[in-house]
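**Q** Build me a model from this:
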Amino acid sequence: MYNPQKLHPVAYAGSVVKGIKTMFFPAIIIFFNMREELFSGSIDSWMLFGGIGILALIFIVFTGFDMLNIYRTRFWLENNKFVFKNGIFTRNEKELDIKRIQSIDFNQPFFHRIFGAVQLDILTPGDGIKIDTIKKSQGEDIQRVIYETQQDIESEETAVNIGDSSVWPREQNAETPPKAAAREFVTLKRMNFKELILMAMTSGGLGVFAAIFFGVLNVVGGEILIENYFEYVSDIVRSVIFGIVIASLVFVIIGYVIGTVIIMVRNYDYTLKQRGDDLTVEYGLFSKKNKSVNINRVQNVVISDSILRRLIGYYALSVSITSDSLESDAIDGKVQLLPFIKKKELYSIIGDIFPNYHLELPKRVVPFRSIRRYFQITLLFFIIGISVMAYFFHGETFMLYFYIGAAVILVLLIASGIYSARNVGYAIYKDEINMMTASFFTRRHYAIKRDKIIDTTYRRNPLLHRADLGHIEVSTPGGIASSSAEIKFIEKHDIETIWTFIERGHDDETHIAESDQTVED
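**A** Below you'll find the model as predicted:
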């Protein structure tokens, strides 16, 4: 990898696909201007060939430039740096310090897998490089060499520090200690098929997909389905409204099944591996993904769950890393390590990976008088919306079903607010704070080291000020923005406790009650 490397030849096929995509909007514009002639059948052959010629020219220019850029792209490792060069007329060169690299991710779409190619993302806290198409063996070599180089650099720094602190003079002719053998990745957890099915069936994303699927089918074909096939089931379904309800349930079930299959395919063979301080996750059936993260660069640890998954005893584990690069897909820097794992097994793995973290279940701190605040505003807007609908559509036959649905949603909103209020809290242990946040039957448990916190915000409005309540948000570096945890409607003395913990040791520490900070609503 110390000689300039080229991209995979299949990258040129990718240029053709990009060129076709580039023609999409020009084709719409040309078609719009020629629509009358096309529909009337009186289009001039010169006009038709002219439109095709313009599209062909756009395709040739964009594809040609992209192919030339691919031909001139090079990357290699040199002097503990990863170097990437591309460009046609203006040559662009980017260098990443290997020591600062914290994530090396592979993405292998189905088309790339056929030809043994991968997409590579290399990220540091402040920058990143995205290489579109390289050989899989090249990507593995890059990952291996970078990890080994990082290990060598850390070993050298440790040796120098130990030597400098010694009271004995260092021997000039002392033999160099033998280089440690390269460690292999050890599998910490591989998700089995049963866990994969359970995860897909309890995924929160299924509800969204089912709702979208139902909405599209209902708008496009719901009425057609009832009109054309209602007579075949008229003996069973006496009401058209009831028939629409049955059809809607069928659509939701179909959407649920399709959503389950999609999530299973996406997360197939989900595996977490570790080598020293480096973690990697691999998953996917058709599109294979490989994401990596260095333990030392983790900013916080997050355990999340939903009420349904808690009933069967499963949780998810993720971490946040720092990266300001626009090349990163995760804006908040979140990397999911384990999407579905039993609680006992989860804490065992956390103890092995993050022995310096003390994950303690936060104590609930939301007072009784704050519970209503978790749903009252949402409830107010929902009731206003229902009232408007009732005013314009009163007397319609479907309003009875509408009111039943509204009542169910009303109960869910109240229950969700109570659930959130009863699952918000914090716990402080030495230099670490654990914070629990909740929303709509889901919880997130954050474990944050004090030295990782970059920002703390205390929010309140006049009503909260009068009730001695407030919100406090703690942020750590994470992606382009930041990773933050906010607990709401808690007592002022709890906010002061958190504030004091975070500011402890600072010369300019002040009591929150006496600070002149800006108060946000």
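**Q** Stretch 486-506: which residues count as buried?
**A** By neighbour count with 16 or more other Cβ atoms under 10 Å, stretch 486-506 contains the buried residues 487-492, 494-499, 501-503. C-beta: built from backbone N, CA, C; applies to glycine.
**Q** same deal with stretch 60-72?
**A** By 16+ other Cβ under 10 Å, the buried positions in stretch 60-72 come out as 62-63, 66-67, 69-70.
**Q** just to revisit the earlier point, restricted to strands, list the buried residues of stretch 486-506.
**A** If you go by DSSP state E, those have 487-491 in strands.
**Q** export the buried residues of stretch 60-72 to a markdown table and tack on pLDDT and secondary structure?
**A** Shown next, in a markdown table, are the buried residues of stretch 60-72 (pLDDT from 0 to 100; DSSP: H, G, I helix; E, B strand; the rest coil):
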| residue | pLDDT | secondary structure |
| --- | --- | --- |
| 62 | 89 | helix |
| 63 | 89 | helix |
| 66 | 89 | helix |
| 67 | 91 | helix |
| 69 | 90 | helix |
| 70 | 90 | helix |
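**Q** circling back: with pLDDT and distance to residue 341 added, can I get the ones in strands among the buried residues of stretch 486-506 in JSON lines?
**A** As requested, those are exported to JSON lines (pLDDT from 0 to 100; distance: Cβ to Cβ, whole Å):
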{"residue": "487", "pLDDT": "92", "distance to residue 341": "25"}
{"residue": "488", "pLDDT": "92", "distance to residue 341": "29"}
{"residue": "489", "pLDDT": "93", "distance to residue 341": "31"}
{"residue": "490", "pLDDT": "92", "distance to residue 341": "30"}
{"residue": "491", "pLDDT": "92", "distance to residue 341": "34"}
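**Q** any chance of the residues you listed in CSV, plus distance to residue 316?
**A** Below are those laid out as CSV (distance: Cβ to Cβ, whole Å):
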residue, distance to residue 316
487, 20
488, 22
489, 26
490, 25
491, 30
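**Q** Now the two most distant members of those.
**A** Maximum pairwise distance in these, criterion Cβ to Cβ, is 11.7 Å, between 488 and 491.
**Q** name the helices or strands packed onto the helix or strand hosting residue 336?
**A** For residue 336, the host element (DSSP states H and E) is strand 334-342. Judged by 3 or more Cβ pairs under 8 Å, 6 or more residues apart in numbering; DSSP states H and E, the packing partners of strand 334-342 are helix 193-201, strand 278-283, strand 288-294, strand 314-321, helix 343-353.
**Q** starting at the chain centroid, how far to it?
**A** 11 Å (Cα atoms, centre = their mean, to the nearest Å).
**Q** Over to stretch 312-326?
**A** From the chain centre to the centre of stretch 312-326 is a distance of 7 Å (Cα atoms, centre = their mean).
**Q** cool, stretch 130-146 as well?
**A** Chain-centre distance of stretch 130-146: 23 Å, with Cα atoms, centre = their mean.
**Q** Report the separation between the two terminal residues of stretch 457-466.
**A** 19 Å (Cα to Cα, to the nearest Å).
**Q** Which residues belonging to it are considered buried?
**A** For stretch 457-466, the buried set under the neighbour-count rule, 16+ other Cβ under 10 Å, comprises 458-460, 464.
**Q** Which ones among those residues lie within strands?
**A** Using DSSP E, 458-459 are the members of those that sit in strands.
**Q** Output the buried residues of stretch 457-466 as TSV; include the columns pLDDT.
**A** As requested, the buried residues of stretch 457-466 are exported to TSV (pLDDT from 0 to 100):
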residue	pLDDT
458	89
459	87
460	85
464	88
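**Q** Go through the buried residues of stretch 457-466 and name the one nearest residue 298.
**A** The closest of the buried residues of stretch 457-466, once distances to residue 298 are taken by Cβ to Cβ, is residue 458, at 26.1 Å.
**Q** How is the closest residue to that closest one other than its chain neighbours classified with respect to secondary structure?
**A** Spatial nearest neighbour of residue 458, excluding adjacent residues (Cβ to Cβ, 6 or more residues apart in numbering): residue 472 at 5.4 Å. Following DSSP: H, G, I helix; E, B strand; the rest coil, we place residue 472 in the strand state.
**Q** show me where pLDDT drops low in the stretch 401-521 of the chain?
**A** Scanning the stretch 401-521 of the chain for pLDDT under 70 picks out the ranges 479-481, 505-521.
**Q** can you give me the helices in the stretch 301-450 of the chain?
**A** According to DSSP state H, counting those that start in this stretch, the stretch 301-450 of the chain carries its helices in the segments 307-311, 343-353, 376-393, 399-421.
**Q** Residue 444 pairs with what?
**A** On the basis of DSSP bridges, residue 444 is bridged to residue 304, residue 437.
**Q** That one reaches residue 436, doesn't it?
**A** Yes: between residue 444 and residue 436 there is a contact at 7.2 Å, judged by Cβ atoms under 8 Å.
**Q** Pick out whichever of the two has more residues nearby.
**A** Remark: of residue 444 and residue 436, residue 436 carries more neighbours, 21 against 17, as counted by other Cβ atoms under 10 Å.
**Q** Contact partners for the residue nearest to the more buried one when sequence neighbours are not counted?
**A** Leaving aside its sequence neighbours, residue 436 sits nearest to residue 362 (Cβ to Cβ, 6+ apart; 4.2 Å). The contact partners of residue 362, by Cβ atoms under 8 Å, 6 or more residues apart in numbering, come to 425-427, 434-436, 445.
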